[in-house]
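Chemist: Let's see this in three dimensions:
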Amino acid sequence: MKPVLSQVEMAAADRYAIEQLKIPASTLMEHAAMAIAERVSQRFSPLKEFPGLVVAGPGNNGGDVLAAARLLLDKGAVIDVVIVEGQSTLSKECQAQKEMLVRAGVVFQAEVPTDKVYAWALDGLFGIGINRPTEGDFKKAIAAMNACHTFVVAADIPSGLNADTGQPLGECIRASETVTLGFYKRGLVTGKAADFTGALSLAEIGIPRTIPGITPAVGLVEQKDVAAGFPKRNPSAHKGSFGHVIIVAGPMPQLGAAVIAACGALHAGAGLVSVAGEPAVLSDLRKLLPPEIMLEETIPALEKSRAAVVVLGPGMGQGDPAKALLKTALASPHPLVLDADALNLLAESGLLPLARKQAPVLMTPHPKEASRLLQTTVEDVEKSRYDAINRLVQRTGAVCLLKGRGTLVKSPGAPCTYVINEGTAALAKGGSGDLLAGCVAAFLSQGLSPEKALAFGAFAHGRAAQFWEDRGEDARSITPTQVAKALSQVLKDLT
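Modeler: Numbering: from 1, shown residues only. The predicted structure follows:
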């Protein structure tokens with residue numbers, strides 16, 4: 001996993017590199033500038049035919065883009081440069097970069113021009129230290145840059161984005177690409193950050209990967225983590241080697257949710273998948289399910305002594321029969337994946353935190369369901385998703401996954417929160433969560449730990465949505481059924 005740092009941790013990493021390792025700040029800035037300039041020069045060639053705009057603030061983030069401007073000018077770029085100072089004094093490093101540009105003959109613009117067309121722009125107004133809404137000349141500059149509708153590369157973080165939460169602080173740069181420096185920051189990989197960062201890449205700029213006194217509490221899951229952590233299939237394996245997943249179906253109007261979850265489990269590799277329902281719905285289920293998926297009656301299925309992973313919640317309903325099912329499932333020996341209606345019932349049940357010890361419980365709430373479990377608002381959950389996942393684990397006693405872009409996974413007592421920054425807007429559709437629940441259950445049935453089943457399930461789920469967009473499908477039209485079918489290719493690529 002890639003370490004993901006808080007604002008305080010990143011500041012400590014900078015200090016360690018400069019004060020303890022004696023790496024000059026100017027050297028780190030030059031490395032940052034090289035990475036930023038490279039993104040522009042790779043995309044726009046020859047540079048002289050693509051006029052650019054560089055907007056710098058008074059801090060070292062401004063110095064980064066001024067240094068990048070110098071490098072790009074040396075390559076023949078045509079650039080307008082704006083420094084927005086507000087009431088601040090330029091930092092030592094920013095002032096040094098400004099003076100180099102002055103000696104090179106650069107004439108600075110007083111403000112962001114509104115009568116010119118630029119092919120690209122660099123944003124270096126604010127770094128990770130901002131903690132209040134943008135205002136004054138800075139807010140005006142951000143609005144003007146956004147109005148340019150050009151390709152914007154943000155240095156380290158889009159100006160106006162909170163580095164810890166991913167929430168915009170008023171007016172915020174909408175970048176096309178963000179080159180973050182040193183380490184990933186928490187606010188870049190969850191919440192609303194994806195609306196502002198564009199494509200996200202990391203430039204390590206010479207800061208060591210290990211910083212004394214810092215043990216990152218957040219890690220970004222990468223493809224190599226999934227490849228290394230997924231069990232290989234032995235040639236002699238049989239269906240019993242890969243577990244049994246039981247999806248509990250609800251009443252007739254909501255059967256589709258159970259069907260989608262079952263297809264997710266099937267395509268994610270469970271050895272046997274069953275859908276359990278009341279006798280009155282079994283014939284209808286048979287018409288909806290592929291032949292590889294078995295049917296069982298609900299109570300006998302839950303009372304089985306042999307191990308099976310049970311998915312409870314998709315399309316289950318919230319009436320008295322559903323409440324009884326939840327209690328039966330919690331009393332069973334089976335590992336549980338709880339989603340949707342099961343979570344809503346738990347929020348009102350008075351049963352939290354769960355004291356269940358015989359088998360793990362995994363929960364996959366979206367922010368609204370999380371707000372019910374935490375007895376708060378969606379806004380409260382979203383304003384600090386890292387805090388919310390910690391509270392969810394403490395409140396429920398379960399291994400939890402908080403849905404949304406920058407999905408978070410946390411296990412009770414675990415020192416690290418996993419971040420899965422995969423997926424597209426194609427998943428903003430009914431049935432996507434049901435599919436994820438089935439996928440997670442399948443991974444759990446194949447021997448993954450609860451934490452990895454959730455993290456790897458979210459990773460594969462997101463990649464399967466991306467699979468179709470990479471092949472020209474529009475996010476508005478991609479269905480959960482399509483996403484399920486893409487899991488085969490995704491898993492082949494991942495493992």
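Chemist: residue ranges with poor pLDDT in the protein?
Modeler: Counting by pLDDT under 70, the chain contains no low-confidence residues.
Chemist: what residue is smack in the middle of it?
Modeler: In the chain, the centroid-proximal residue (CA atoms, centre = their mean) is Gly406; its distance is 1.5 Å.
Chemist: buried sites along the helix with the most length in the chain?
Modeler: Looking across the chain with DSSP state H, the single longest helix is helix 450-470. Residues 450-468 are the ones in helix 450-470 that count as buried (16 or more other CB atoms under 10 Å). Just so you know, the C-beta spots here come from the backbone N, C-alpha and C atoms, and that holds for glycine as well.
Chemist: Leaving out sequence neighbours, find the closest residue to the residue nearest to the centre of the chain.
Modeler: Of all residues not flanking Gly406 in the chain, Thr190 sits nearest, at 2.7 Å (CB to CB, 6 or more residues apart in numbering).
Chemist: And for Leu354?
Modeler: Gly397 (4.5 Å).
Chemist: Same check on Phe108?
Modeler: Val81 (5.4 Å).
Chemist: any residues touching the helix or strand that contains the one you found, and which ones?
Modeler: Assigned by DSSP states H and E, Val81 falls within strand 79-83. Outside of strand 79-83, the residues within contact range by CB atoms under 8 Å, 6 or more residues apart in numbering are 51-58, 62, 66, 69, 72-73, 90, 98, 101, 106, 108-113, 116, 118, 141.
Chemist: contacting residues around Phe183?
Modeler: By CB under 8 Å, 6+ apart, the neighbours of Phe183 are 2-5, 9-10, 13, 202, 204, 207, 216.
Chemist: separation between it and Trp468?
Modeler: Distance, Phe183 to Trp468, using CB to CB, to the nearest Å: 32 Å.
Chemist: List the residues that contact Lys185.
Modeler: By CB under 8 Å, 6+ apart, Lys185 lies in contact with 4-7, 10, 128, 156-157, 163-164.
Chemist: let's see 6 Å
Modeler: Neighbour list for Lys185: 5, 128, 163 [criterion: CB atoms under 6 Å, 6 or more residues apart in numbering].
Chemist: List just the nearest of the residues you listed to Ser305.
Modeler: Lowest distance from Ser305 to the contacts of Lys185 (CB to CB) belongs to Leu5, with 46.9 Å.
Chemist: Can you tell me the SS state at the residue nearest to Arg356 when sequence neighbours are not counted?
Modeler: Counting by CB to CB, 6+ apart, Leu330 is the residue found nearest to Arg356 once chain neighbours are left out, at 6.0 Å. Classification of Leu330 using DSSP: H, G, I helix; E, B strand; the rest coil returns helix.
Chemist: Distance of Leu330 relative to Tyr16?
Modeler: 48 Å.
Chemist: tell me the secondary structure for Leu295?
Modeler: On the three-state scheme (three-state DSSP), Leu295 is labelled strand.
Chemist: Give me the number of neighbouring residues for Lys116.
Modeler: Lys116 has 11 neighbouring residues, counting by other CB atoms under 10 Å.
Chemist: which residues does the spatially closest residue to it that is not a sequence neighbour form a beta bridge with?
Modeler: Excluding its sequence neighbours, the residue lying closest to Lys116 (CB to CB, 6+ apart) is Asp80, at 7.0 Å. Counting by DSSP bridges, Asp80 is bridged to Leu53.
Chemist: If we ignore the residues flanking it in sequence, what's nearest Ser432?
Modeler: Pro480 (5.2 Å).
Chemist: Now do that neighbour against Val281, distance only.
Modeler: For Pro480, the distance to Val281 (CB to CB) stands at 20 Å.
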